[in-house]
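>>> 3D, please:
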Amino acid sequence: MSPSEREARGARIHTERARRIEALVAELATEVDAGLGDGAIAALAPDTARSLVATAGRLYAVAAEEGAQAPTGTDMTPTDAVVLATAALRAHDLNPFDLALWFSRSSS
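Here you go, the predicted structure:
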């Protein structure tokens, strides 16, 4: 396989994976919204949400570096945002001062 063929194959694999991730995220969003409505979320193991937040955090950190827009008020409520931010800060033994340093560093 020539270098250009390997490069084309790699690009195709990346595109396929990106499409699969997009489809999975859309499906997950639909299921979570339905689960919030029917109470199924309460039946999940607590570590399920933790694992999902960690995965989404890694995805967003990379996407933000590539220019992704931050979630808006229609994506999550202010309470959701503060609960998530507080949990992330506590998980890493950070405080509001640390957050302020990062907040001033990031573009809005």
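>>> what's the domain layout of the chain?
When the chain is parsed into structural domains using automatic domain parsing, the resulting residue ranges are 1-44, 46-108.
>>> would you list the ones you listed in CSV and tack on mean neighbour count and mean pLDDT?
To be clear about C-beta, it is placed using only N, CA and C from the backbone, and glycine gets the same treatment. Rendered in CSV, the data for the domains of the chain read as follows (neighbours: other C-beta atoms under 10 Å; pLDDT from 0 to 100):
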stretch, mean neighbour count, mean pLDDT
domain 1-44, 10, 86
domain 46-108, 10, 88
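>>> roughly how far apart are the nearest residue to Leu28 once chain neighbours are set aside and Met1?
Distances taken as C-beta to C-beta, 6 or more residues apart in numbering place Leu52 nearest to Leu28, at 8.0 Å, with adjacent residues excluded. As defined by C-beta to C-beta, to the nearest Å, Leu52 lies at a distance of 37 Å from Met1.
>>> again, but for Arg17
Relative to Met1, Arg17 is positioned 20 Å away (C-beta to C-beta).
>>> again, but for Pro46
Taken as C-beta to C-beta, the span from Pro46 to Met1 is 46 Å.
>>> got the residue ranges for the strands in this protein?
Assigned by DSSP state E, the chain shows no strands.
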